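Novice: pasting the sequence and the predicted coordinates here, then a few questions.
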Amino acid sequence: EKSGYASFMLKEIAEQPKAVADTLLGRIDSSGLLTLDEVRIPVSVLREVDKVVIVACGTAYHSGMIAKYAIEHWTRIPCEMELASEFRYRDPILDARTLVVAVSQSGETMDTLMAVRHAREQGAHVLAICNTNGSTIPRESDAVLYTHAGPEVAVASTKAFLTQLVACYLVALYLGQVRGTKWGDEIGDVVRELSEISTQVEDVLDTMEPVRELARGLAGEAGMNTVLFLGRHVGYPVALEGALKLKELAYMHAEGFAAGELKHGPIALIEKGLPVVVVVPSPRGRSVLHGKIVSNIQEIRARGARTLVIAERGDTAVVPYADHLVEIPATPTLLQPLVATVPLQVFACELATARGNEVDQPRNLAKSVTVE
Ligand code: M6R
C-alpha cells in the first residue's frame, strides 16, 4: 500500500534510508570487517579471480558502472561493465577465474538471465545481486547477495538502485578484504562511512523542497523539452541515471554525458536557457576532478545554459556559476552516488507529476522486462 503517499514512487524514494540500512544490516561485524559468508563462492576462488565482468540492464546497469570504479580502485582487479543485451550476443572471453556479477532488481530480466547462462556455460563464477528472493537469476547463479530494499512497485527504480550500489560496494570491499590490497586502511574507513550513509540520504530527503519547486517551474515552461546531465568519474553514471529517470517519467529528451566529452560534440547542443544538471565531485579527495568540472560549468554557462548544480555542502567554488544549487552531504568520492542520485529522482518524479503523468506506470514500460 502507498501508506499515505501520492504514489509508490514517492513512497519508495522516502524508504531509501531504511533500504540502505537494511542492506548493510548483519554484513559488517563489530570490528568493521565484512561478513559476507552468504556469498557462497569459496574465498579460495575469490582470491584467484583475475577479471570481474558486470552485466545488467537499465538502472541496474548504472549501478554496475559505478561498481567498476569501486572494484578497480579497491581491489586492482580489472573490471568490465556491459549491457546484458550486448554481452549475451558477443563472444566474451571468460574462464573459471572470471567473476561475473549480474545485477537485477527483479531477478527476471531476460537479457540478464541469458547473460548469466552464457557466462556459466563458459565456466565463469556468477554472483547475482538481486532484490527478489527466489527469482530466476539468483537461482541460476552460483551465489547471491540480496539487496534488502523491500518490494519495489513503481516501474522507475529508486530504492533498488541505492541498495544495488550498497551491494556493489560490499562486493568490492569484500574482494579487497579477502585478497588484501594496499588499500587496507581505506577499506576500514569506507566501511565506517558506508554505515553512515543512511543518515545522509535522510538528510538529502529533508532538503528537497527547492528541487521540487524547480521541477514544477520547469514543467510549466512552454517548449521546455530537453534537459542535459553532466558528470565525471562516478558522477557520470549518476548523470545517466538522472537522465533515464526523466525520460521514463517525464517523457522528455534527457541525455547524460561524461563532462570530459563536452568538447567532442555535446557542447553544440547548449543554447540559451537549456537546463543542464551537473553532478560535482567532492572538492576534497580527488580535487583534480572537481577543478575540471568547475571549468565545464563555466563553459556551458558562458554559452547560455541554465546550470542546476549538485555539489557538496560548503563547496564555494561552484556558487558563482550555479543558477540553482542543490547541496548534498560530504561523502568519500566513490560513495557520492548514494547521495547525489536522490535529488535527481525527486526532480524527475516532481516534474512528471506536474505534467500530469502517471509516475508509477509510465507509458510503454513494464516493471520487469521478461522478453527481449
Ligand atoms: O529488474 P532489473 O533490475 O533487472 O531491471 C532492469 C531494468 O529493466 C530497470 O532498471 C529499468 O531500467 C527501470 N525501469 C529503470 O527505472
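Specialist: Done, it's in. Numbering: from 1, shown residues only.
Novice: please count neighbours and contacts with C-alpha atoms only from this point.
Specialist: Noted.
Novice: where does the residue nearest to the spatial centre of the chain sit, in terms of helix or strand?
Specialist: Centroid-nearest residue in the chain, with C-alpha atoms, centre = their mean: Ser63, separated by 3.9 Å. Here Ser63, judged by DSSP states H and E, is contained in helix 58-75.
Novice: one step back: mind checking the SS state of the residue nearest to the residue nearest to the centre of the chain when sequence neighbours are not counted?
Specialist: Using C-alpha to C-alpha, 6 or more residues apart in numbering and skipping the chain neighbours, the partner closest in space to Ser63 is Leu165 (5.5 Å). Look at Leu165: counting by DSSP: H, G, I helix; E, B strand; the rest coil, its state is helix.
Novice: over to Val55?
Specialist: Secondary structure of Val55, reduced to three states by three-state DSSP: strand.
Novice: do Gly134 as well
Specialist: Strictly by three-state DSSP, Gly134 counts as coil.
Novice: ok, it to the ligand distance?
Specialist: The gap separating Gly134 from the ligand is 13 Å, by C-alpha to the nearest ligand atom, to the nearest Å.
Novice: burial count for that residue?
Specialist: As a burial measure, Gly134 scores 11 neighbours (other C-alpha atoms under 10 Å).
Novice: ok, Asp185 - how many residues close by?
Specialist: The number of residues packed near Asp185 is 9, by other C-alpha under 10 Å.
Novice: Ala128 belongs to a helix, doesn't it?
Specialist: No. Counting by three-state DSSP, Ala128 falls outside a helix, being strand.
Novice: before we move on, back to that, hmm, who's touching the helix holding Ser63?
Specialist: 54-56, 77-83, 103-105, 157, 161, 164-165, 168-169, 172-173, 175-176, 179, 181, 183, 187, 233-234, 237-238, 240-241, 244, 334 (C-alpha atoms under 8 Å, 6 or more residues apart in numbering).
Novice: list the contacts of the helix or strand bottoming out on mean pLDDT in the chain.
Specialist: Every helix and strand of the chain was ranked by mean pLDDT, DSSP states H and E. The lowest is helix 184-206, at a mean of 90. Contact partners of helix 184-206, identified using C-alpha under 8 Å, 6+ apart, comprise 14, 16-18, 20-21, 24, 28, 32-33, 74, 173, 176-177, 328-329, 331-332, 335, 338-339, 342-343.
Novice: thanks a lot, catch you later.
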